[in-house]
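S.K.: Below are the sequence and a predicted model for it; my questions follow.
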Amino acid sequence: MMYWLQQLQVRRWEFCSAQSRFPVGSSQLVNEPLVDRTNVADDEGFLPPVKTPTEVVGLQAASLPAPQTATALQNISLKHPWTEIQNTVYNICGSKQLWGNDGNVFNFNKFQEHPEQEAEVEAQCTVKETPEDGRMESRLNLFRKAKWMNSSLTEEQPRERNSMDKVNVLQQQMLTLTEEVKSQKELVKLLHKALEAAQQEKRVSSMYLTAAEDKDRLELVRHKVRQIADLTSRLEALEQEKKELEQILTLRDSHIQELKEHVQLLMEKNHAKQQVIMALTEQMAREHSDPLQEANTITAETLYKQQEEIEHLKDDIDAYKTQNQFLNSEIHQVTRLWTRVAENEKALLMKCAYLQAQNCQMESKYLTVLRKLQETVCGLPSSHAELVRNLIQEALRWDVKEGADLNLDPVSEYDEYGFMTVPDYEVEDWKLLAKIQALEMKSNNLRSQEVVEKPLRDRWNSIGELSPSAELKSLIRSGIPVEHRQRVWKWIVSQHCSYLPDHYQRLLRQSKSTEHPACRQIELDLPRTLTNNKHFSSPTSQLIPKLRRVLLAFSWHNPAIGYCQGLNRLAAVALLVLEDEENAFWCLVHIVENLMPADYYSDTLITSQVDQRVFKDFLAEKLPRLMAHFEHYQIDVSLITFNWFLVAFVDSLVSDILLRVWDAFLYEGTKVIFRYALAIFKYNEEEILRIHDSVEIYQYLRFFTRMIVDGRKLMNIAFNDLNPFPMKLLRNRRRIHRGELETELCELEQIKAAYVKGRAEQGSRGLEEVVSEEEEEI
């Protein structure tokens, strides 16, 4: 690089010595800076100013004598080899600026105005060609080319006669010169870049030569090596990017080819469709033209016949219209008659239902009188006693379904879920009581059918998707209709239990592979489950195997409880309503693990005992007269109510009331059991207060829940008369009584342990005395 800079200085020195041979103003090529000589590119900014060292370029540097021959190390460049080629091109083409006007390399007008200078420049270029090894040949060629173009331009101008031709020629020349200017601009840009690189190289080389120690030089060499490595990595990255772009281009070309093929296919389809459309259009044109041709061929006789047929058809239409009007009026009259008949029938049915309810009440009263007479039959004369016995036998043989010709709401032997409507008591006295109960239930159902049950069913039918709300709570407390109960129970269970897929089936497989310790107790309790229901009364019933699987699955699901007596009845009710055994299993899980408190079905039943104490507190607060009556006769109500709480009134209430209790119990929890237990005692409070014997009270309490036939009255007592009933109070009472009960159990365990210890000590002392007596005898 230093060599070429020295050669540039030599050329400038020679140029300064030969200034006198050029026209006036040509010396500005040297005196003016490079920035001032770029009048062509001033607007475009393609020649930015370059700050060059004063000791390298300029008149002062050109006036200096030629430097000594550079060493080999100075001529070595660490840049890429293509930089040397650029410098060579710059050295060859750099002197083209000498022939410009005011720094413009493409201004040839000066040479036309001074033709005598052309020979001097050409001679100078020719003389300098030999010592410089032909490096000025490119300059000479450029000069000859400009001369030829200018001479051809001057020769053609007088030949052109037409001004338009001259303009065209000038435009062509202008375009040619514009293209050449663009190329020269690009060349100048490259030369500027090469000059900057050379200056940078010169500065680095100067730093390398002026370095005092080898260590500094080595660091410079290393820096250059790092630059070379960086440039190499950049080159590789650019090559990789080029390959990726080529791949993308190939993919784009393939995609374009596919699109072209698709377009070609669509064009072919379109062409085929157009052909089909043309064919169909021609066919339609032919079809439309045919009727016109046929119409032209119709004779006058054919037209006359068609007109006669049209007249006949019009007459028929008029006749049908008249007949239709008559039939519509008849239908309207029949509809009004049918509406009146339907209203009358509805009124008669309601009247008949009312009369039948009254008849049931009269029959129940008649049976009640017979029951009273049966109690006092011993004090009657023999003839009267025999008459009472006959009347009772006839009443027991009477079928409730007799006389129900209208089929309003006949009391069948079983209800919708298979429960017996008339319990089959073994005691003769209670059979008559069951008959009275059935009649009263039928009477209540007939009375409430139109007033209560139908509006309630309409409200349930209007409910779509279920969501927790005060309205839903009120509807559930009023009782869920049979057709909606299964859906609502499933929804309630799903709100509190997350159904695990295949969990129930896995438990069944486990129960088949391994026998659970509670399996024997489950088998013993199955025949004793809901004996008043036809689906469980026989060992061959279809629900017995389902109940067995549900209980076994729960025993494996909850090993802490396993199985407890009472769970069989809970699962049985869930099976009757939900029908599917897996849904019944999750319903049992919801009752035991979510609704009931912990340890409710454990071995000690500690929470069940706590609830009995809490219930006694509530009974004393809500029904103080009745509680005082029980305390006076030393009646322990927990002997009766313990089973109510353990199985949620199953086998205690009639089926209709039982399922209404369960509706609210599944939605609200154990608070409902407390409400209904208190409501049952309040429902029969007056009857209990009239009994003044403890044995009779216990006997009455065994069956008095079966005497409740008005479910609406019981519901109003539970949810209206017993308010307020806060859940917070229930929790506090449970916590207090649980602490007391646990303390009592601990004391009992201590007493038991002390008793066992004392018995063991007494036994050991007695054994020692016996041994000593035997030794004395010996």
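M.R.: Looks like it arrived, so ask away. Residues are numbered from 1 along each chain as shown.
S.K.: burial of residue 556, as a residue count?
M.R.: Around residue 556 there are 17 other residues, counting by other Cβ atoms under 10 Å. Every residue, glycine included, has its C-beta placed from N, CA and C.
S.K.: Wait, it touches residue 516, no?
M.R.: Yes: Residue 556 lies in contact with residue 516 (Cβ atoms under 8 Å); the separation is 6.3 Å.
S.K.: Just the pLDDT at residue 738, thanks.
M.R.: We have a pLDDT of 93 for residue 738.
S.K.: And residue 639, by the same measure?
M.R.: On pLDDT, residue 639 comes in at 92.
S.K.: where's it, which helix or strand?
M.R.: For residue 639, the host element (DSSP states H and E) is helix 638-647.
S.K.: Show residues contacting that helix.
M.R.: Contact with helix 638-647 is made by 566, 569-570, 600-601, 605, 608, 611-612, 615-616, 651-652, 670, 673, 677, 698, 701-702, as judged by Cβ atoms under 8 Å, 6 or more residues apart in numbering.
S.K.: mind listing which of those residues are in strands?
M.R.: Among the contacts of helix 638-647, DSSP state E puts none in strands.
S.K.: Any quick PyMOL command for the buried ones out of those residues?
M.R.: Here is the PyMOL command that picks out the buried ones among the contacts of helix 638-647, judged by 16 or more other Cβ atoms under 10 Å:
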select buried, resi 566+569+570+600+601+605+608+611+612+615+616+651+652+670+673+677+701
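S.K.: Now, the contacts of helix 638-647 that are in helices?
M.R.: 569-570, 608, 611-612, 615-616, 673, 677, 698, 701-702 (DSSP state H).
S.K.: What's the local residue count around residue 511?
M.R.: Neighbours around residue 511, by other Cβ under 10 Å: 19.
S.K.: does it really touch residue 553, like I thought?
M.R.: Yes: in this structure, residue 511 is within contact of residue 553 by Cβ under 8 Å, at 6.4 Å.
S.K.: For the stretch 101-250 of the chain, which residues score under the pLDDT cut-off?
M.R.: 101-161, 212 (pLDDT under 70).
S.K.: Just the buried positions in stretch 469-484, please.
M.R.: 475-481.
S.K.: quick one: contacts of that stretch?
M.R.: 416, 456-457, 459-460, 463, 466, 488, 659-660, 663-664, 667-668, 711, 715, 719.
S.K.: can you do 10 Å?
M.R.: 415-417, 452-453, 456-461, 463, 466, 485-489, 491-492, 577, 656-657, 659-668, 672, 675, 711-712, 715, 718-719 (Cβ atoms under 10 Å, 6 or more residues apart in numbering).
S.K.: hmm, which of those are the buried ones?
M.R.: Taking 16+ other Cβ under 10 Å as the criterion, what is buried in the contacts of stretch 469-484 is 415, 417, 453, 456, 460, 485, 488-489, 492, 577, 656-657, 659-668, 672, 675, 711-712, 715, 718-719.
S.K.: quick one: which of these sit in helices?
M.R.: 456, 460, 485, 488-489, 492, 577, 656-657, 659-668, 672, 675, 711-712, 715.
S.K.: Check the spacing between residue 606 and residue 613 real quick.
M.R.: To residue 613, residue 606 is 11 Å away according to Cβ to Cβ, to the nearest Å.
S.K.: Name the residues contacting each of these two.
M.R.: 738, 741.
S.K.: Show me what the helix or strand where residue 260 lies packs onto, helices and strands only.
M.R.: Per DSSP H and E: residue 260 is located in helix 214-297. Helix 214-297 sits against helix 163-210, with contacts defined as 3 or more Cβ pairs under 10 Å, 6 or more residues apart in numbering; DSSP states H and E.
S.K.: Just want the angle from the helix it packs on to helix 214-297.
M.R.: If you take axes from the mean of the first three to the mean of the last three Cα atoms, to 10 degrees, helix 163-210 sits at 150 degrees to helix 214-297.
S.K.: isn't residue 485 right next to residue 659, touching?
M.R.: Yes: counting by Cβ atoms under 10 Å, residue 485 does reach residue 659; the two are 7.0 Å apart.
S.K.: what's the overlap in contacts for those two?
M.R.: Contacts common to residue 485 and residue 659, judged by Cβ under 10 Å, 6+ apart, are 416-417, 479, 577.
S.K.: In CSV: those residues, plus pLDDT and distance to residue 630.
M.R.: As requested, the shared contacts of residue 485 and residue 659 are exported to CSV (pLDDT from 0 to 100; distance: Cβ to Cβ, whole Å):
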residue, pLDDT, distance to residue 630
416, 86, 37
417, 89, 34
479, 90, 30
577, 95, 35
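S.K.: quick one: which of those residues is nearest residue 706?
M.R.: residue 417 (17.2 Å; Cβ to Cβ).
S.K.: Now do the contacts for the nearest residue to that closest one once chain neighbours are set aside.
M.R.: Using Cβ to Cβ, 6 or more residues apart in numbering and skipping the chain neighbours, the partner closest in space to residue 417 is residue 576 (4.7 Å). Going by Cβ under 10 Å, 6+ apart, residue 576 touches 416-419, 530, 533, 535-536, 543, 584, 655, 659.
S.K.: Next one: residue 576, what pLDDT does it get?
M.R.: pLDDT at residue 576 comes out at 95.
S.K.: Provide the backbone phi and psi angles at residue 708.
M.R.: phi -80, psi 120 (degrees, to the nearest 10).
S.K.: correct me, but it touches residue 661?
M.R.: No: using Cβ under 10 Å, residue 708 is not in contact with residue 661, being 11.0 Å away.
S.K.: who touches both of the two?
M.R.: Going by Cβ under 10 Å, 6+ apart, residues that sit against residue 708 and also against residue 661 are 652-653, 679-680, 714.
S.K.: right, and out of those residues, which lies closest to residue 335?
M.R.: Using Cβ to Cβ, the shared contacts of residue 708 and residue 661 come closest to residue 335 at residue 714, 44.6 Å.
S.K.: For that closest one, grab the count of nearby residues.
M.R.: Neighbour count for residue 714, taken as other Cβ under 10 Å: 20.
S.K.: which residues does it contact?
M.R.: 653, 657, 660-661, 676, 679-680, 682-683, 708 are the contacts of residue 714 under Cβ under 10 Å, 6+ apart.
S.K.: which one of those sits closest to residue 254?
M.R.: Checking those one by one against residue 254 (Cβ to Cβ), the nearest turns out to be residue 660, at 75.4 Å.
S.K.: Now do the contacts for the residue lying closest to residue 711 once chain neighbours are set aside.
M.R.: Nearest residue to residue 711, sequence neighbours excluded (Cβ to Cβ, 6+ apart): residue 657, at 4.4 Å. Shown in contact with residue 657 (Cβ under 10 Å, 6+ apart): 441, 479, 649, 676, 680, 705, 708-712, 714-715.
S.K.: shaky segments in the stretch 251-400 of the chain?
M.R.: For the stretch 251-400 of the chain, the ranges with pLDDT under 70 are 289-300, 346, 349-351, 353-358, 360-361, 363-365, 367, 370-384, 392-393, 395-400.
S.K.: Dump stretch 455-462 to PDB, restricted to CA.
M.R.: Output of stretch 455-462 as PDB, limited to C-alpha atoms (Å, rounded to 0.1, in the frame of the first residue of the first chain):
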ATOM      1  CA  PRO A 455     -98.300 -24.800  40.800                       C
ATOM      2  CA  LEU A 456     -95.200 -26.300  42.400                       C
ATOM      3  CA  ARG A 457     -94.700 -28.700  39.500                       C
ATOM      4  CA  ASP A 458     -95.200 -25.800  37.000                       C
ATOM      5  CA  ARG A 459     -92.400 -23.800  38.800                       C
ATOM      6  CA  TRP A 460     -90.100 -26.800  38.600                       C
ATOM      7  CA  ASN A 461     -90.800 -27.300  34.900                       C
ATOM      8  CA  SER A 462     -89.900 -23.600  34.200                       C
END
